[in-house]
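Peer 1: what shape does this take:
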Amino acid sequence: MKIRQIILSGIVILASVVTGNAQVTSTDSVSLAPLNAINNVLQGYASRNISLGAYAQIDYNQPLAANEYSIGKMDVHRFVMFMGYQFNDKTQFVTEVEFEHVSEVYVEQAFLNYSFDPRLNFRAGLLLIPMGIINEYHEPTTYYGVERPNLEGNLIPTTWREIGAGFSGSFPSSSLRYQVYLVNGFSGYGASGATFRGSDAFRKGRQKAAESYISSPNLSMKIDYYGIPGLKVGLSGYTGKSQSVLFKGLRKDDEMASYRADSSVVHITMMGLDARYQNKGIVARAQLISAIIGNTDQYNAFSGTDLGSQMMGYYVEAGYDVFHLVNRQMQHKCVPFIRYERYDTHQGVAGSLTENLAYDRTDITLGVNYFLTPGAVLKGDYQVFSNQSSPVKAKQLNFGVGIWF
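Peer 2: Numbers count the residues shown, from 1 in each chain. Have a look, this model is predicted:
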């Protein structure tokens, strides 16, 4: 999409919000005809229940090599506009529209929420899959480092969202929060063929609500416990089959075609455990993700790919706000941190597939986040990437700006 089209899209989105989110709130006093969004404003009926927000991430990534020249990359990685509307005390609609790399436009969230009770909320629309930490809390002011952890991109994969419906709620007396949704699954085999592969697992299979198709629903759920001051622990799960276009128009009595379609599908079971801790100046995070994928031997043989049958990854991260030692009331924060990641998308393989040791990766990130205010951060870090197939380590220096409001 051209830059001019992106700018025009943003203007249209802002205009629709400013003019009342295109909601009909009354009728014309003479004709009794429904008012459109513009007349809502001109005649004084515009709603005041609209919320606006945004977040943005601007990066500079510089690979470092001893014996060759390296070209850095500077990128407006993402700019995301948030819009929400509260119809009444029980009914809300929220959405996020993302402009990525200045050339791509996506809808990141768009769902209707109805609250029966704090313990029971119904949601329907484009939902974030509640897996891990970053997939739900991915604003650049909420994580350390210029880039999101690589485990989050290659295994989970962030930002992971699909269309579906389900329930969420919290039980304050028990310090528990839950989410459970039925959603469409990954596109494992689309119009252009297979999408899954060993290097980044399911990332290319995300449908992102772009004319998504479904051949069987998948289940996503998470429980968070926050009963210990400063600590939040989450347990998440996801299970179901990938989706395949080969089932479209398939006759149930066509055994050969049915076998072919079945070979284009895998069964995914993913579990996650995460923890976040903050006390005084100390901040720490940890996350573990494990996935078992069924039918990969048939899938790889049919599609010619190298999807693993088992995957595992984890990271641990710790930092400390050095300004906490000087003045605990300061709005500025300076947090040096270190993160260690280990993730393997070929922890297990099936059939005749040989394990690729290059997919067993270790990343170390050492950096600092300087918060000018809670919604604005300057970042810098140094990263070392290695894998089990090569003694050579890749190195990279990153700087970035993050905002959220």
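Peer 1: from here on, contacts and neighbour counts on C-alpha atoms
Peer 2: Fine.
Peer 1: isn't residue 309 up against residue 348?
Peer 2: Yes: shown here, residue 309 and residue 348 form a contact pair, counting by CA atoms under 8 Å, at 5.2 Å.
Peer 1: who has more neighbours out of those two?
Peer 2: Neighbours were counted for residue 309 and for residue 348 using other CA atoms under 10 Å; residue 309 has more, 24 against 18.
Peer 1: give me the neighbour count for the residue lying closest to residue 91 once chain neighbours are set aside.
Peer 2: The spatial neighbour of residue 91 that comes closest, neighbours along the chain excluded (CA to CA, 6 or more residues apart in numbering), is residue 114 at 4.6 Å. Residues within reach of residue 114, counting by other CA under 10 Å, total 19.
Peer 1: quickly find the element holding residue 114.
Peer 2: Using DSSP states H and E, residue 114 sits within strand 104-117.
Peer 1: mind listing what the residue nearest to residue 91 touches?
Peer 2: Residues counted as contacts of residue 114 (CA atoms under 8 Å, 6 or more residues apart in numbering) are 90-92, 121-123.
Peer 1: and if we set it to 10 Å?
Peer 2: By CA atoms under 10 Å, 6 or more residues apart in numbering, the residues touching residue 114 are 87-93, 120-124, 167.
Peer 1: check the burial of the nearest residue to residue 343 once chain neighbours are set aside by counting its neighbours.
Peer 2: Spatial nearest neighbour of residue 343, excluding adjacent residues (CA to CA, 6+ apart): residue 313 at 3.7 Å. Using other CA under 10 Å, residue 313 has 25 other residues around it.
Peer 1: what's the ChimeraX syntax to select whichever of the contacts of residue 114 are buried?
Peer 2: Only the buried entries of these go into this ChimeraX selection, using 16 or more other CA atoms under 10 Å:
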select :91,92,93,120,121,122,123,124,167
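Peer 1: secondary structure and pLDDT for the contacts of residue 114 - can I get that in CSV?
Peer 2: Below are those laid out as CSV (DSSP: H, G, I helix; E, B strand; the rest coil; pLDDT from 0 to 100):
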residue, secondary structure, pLDDT
87, coil, 90
88, coil, 91
89, coil, 92
90, coil, 96
91, strand, 95
92, strand, 95
93, strand, 95
120, strand, 98
121, strand, 97
122, strand, 98
123, strand, 98
124, strand, 98
167, strand, 98
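Peer 1: could you dump the strand holding residue 114 to CSV, C-alpha only?
Peer 2: Output of strand 104-117 as CSV, limited to C-alpha atoms (Å, rounded to 0.1, in the frame of the first residue of the first chain):
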residue,chain,number,x,y,z
GLU,A,104,1.2,-2.1,5.7
VAL,A,105,-2.1,-1.6,7.4
TYR,A,106,-3.7,-4.1,9.8
VAL,A,107,-6.5,-4.3,12.3
GLU,A,108,-4.9,-5.6,15.5
GLN,A,109,-8.0,-5.8,17.7
ALA,A,110,-11.7,-5.1,17.2
PHE,A,111,-14.2,-6.6,19.6
LEU,A,112,-17.4,-6.0,21.4
ASN,A,113,-17.5,-6.5,25.1
TYR,A,114,-20.6,-7.0,27.2
SER,A,115,-20.3,-7.2,31.0
PHE,A,116,-22.9,-9.2,32.8
ASP,A,117,-20.9,-8.9,35.9
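Peer 1: sheet partners, orientation included, of that strand?
Peer 2: Each strand paired with strand 104-117, and its direction, by DSSP bridges: strand 91-100 (antiparallel), strand 120-128 (antiparallel).
Peer 1: which residues in the stretch 101-250 of the chain form strands?
Peer 2: All strands of the stretch 101-250 of the chain, identified by DSSP state E, counting those that start in this stretch, fall at 104-117, 120-128, 161-171, 176-184, 187-190, 193-194, 217-225, 231-241, 243-244.
Peer 1: hang on, the earlier thing: so which of the contacts of residue 114 is the closest to residue 54?
Peer 2: Residue 54 lies nearest to residue 93 out of the contacts of residue 114, by CA to CA, at 16.0 Å.
Peer 1: skip the chain neighbours and tell me the closest residue to the closest one.
Peer 2: residue 112 (4.5 Å).
Peer 1: the one you found and residue 380, how far apart?
Peer 2: The spacing between residue 112 and residue 380, counted by CA to CA, to the nearest Å, is 37 Å.
Peer 1: go on, residue 371?
Peer 2: Relative to residue 380, residue 371 is positioned 12 Å away (CA to CA).
Peer 1: next one: residue 155
Peer 2: 24 Å.
Peer 1: over to residue 338?
Peer 2: Counting by CA to CA, the gap from residue 338 to residue 380 is 12 Å.
Peer 1: break this structure into its domains for me.
Peer 2: Residue ranges for the domains of the chain, per automatic domain parsing: 1-48, 49-404.
Peer 1: most tightly surrounded among those domains?
Peer 2: For the domains of the chain, the largest average neighbour count (mean count of other CA atoms under 10 Å) is found in domain 49-404, namely a mean of 19.
Peer 1: roughly how far out does it sit from the chain middle?
Peer 2: In terms of CA atoms, centre = their mean, to the nearest Å, the centre of domain 49-404 is found 4 Å from the chain centre.
Peer 1: how far does that domain stretch from start to finish?
Peer 2: OK, domain 49-404 end separation, CA to CA: 20 Å.
Peer 1: could you number the chain from 446 rather than 1 from now on?
Peer 2: In the new count, where the first residue is 446, that last one comes out as domain 494-849.
Peer 1: residue contacts, residue 595?
Peer 2: 601-603, 645, 758, 760, 786-788, 806-808.
Peer 1: pLDDT score for it?
Peer 2: Note for residue 595: predicted pLDDT of 96.
Peer 1: residue 610 versus the nearest residue to residue 627 once chain neighbours are set aside, what's the distance?
Peer 2: Closest residue to residue 627 apart from its sequence neighbours, by CA to CA, 6+ apart: residue 664 at 4.8 Å. Using CA to CA, residue 664 is found at 10 Å from residue 610.
Peer 1: perfect, I'm done here.
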